[in-house]
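Q: How does the following fold in three dimensions:
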Amino acid sequence: MLNMVTGAFLGPVEIMTTSGRGFSPEEVANRCMAQLMKVSDTAPEVIREQAKAFESVMREVVLFYMKEVVKSDRTTLYNELKNNGYPEAAEIVRRL
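A: Residues are numbered from 1 along each chain as shown. Prediction:
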């Protein structure tokens, strides 16, 4: 008889919420960086400083592309609404 137990430990779970809106690209970029960059408190100071500088640059790159994807998705949604007979809704999306 073979019994197999599987599972995954994901680590601590963090829950974030907003009220009346979705998350901004800045908020999502910060969450992304928290997962991508971790530096031990016991790492040498020069390593921690270098990692923080790199994290700052990477946050800006991630944020730039997140804003680009939002714009691109809104363009797609605008075109879908307009092409399917909802020009007023399309204009609302365009103004967001």
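Q: and stretch 17-34, how far out from the chain's middle?
A: In terms of CA atoms, centre = their mean, to the nearest Å, the centre of stretch 17-34 is found 7 Å from the chain centre.
Q: repeat for stretch 66-82
A: 17 Å.
Q: Q35 sits in which helix or strand?
A: Under the assignment given by DSSP states H and E, the secondary-structure element containing Q35 is helix 25-36.
Q: Which strands or helices does whatever helix or strand comes next after that helix pack on?
A: Of the helices and strands lying after helix 25-36 in sequence (DSSP H and E), the nearest is helix 45-83. If you count contacts as 3 or more CB pairs under 8 Å, 6 or more residues apart in numbering; DSSP states H and E, helix 45-83 packs onto helix 25-36, helix 87-95. Where you see a C-beta, it was placed from the backbone N, CA and C, and this is true even at glycine.
Q: Next, format those helices as TSV and append mean pLDDT and distance to A43.
A: Compiled in TSV, the helices and strands packed on helix 45-83 are given as follows (pLDDT from 0 to 100; distance: least, CB to CB, whole Å):
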stretch	mean pLDDT	distance to A43
helix 25-36	93	16
helix 87-95	96	46
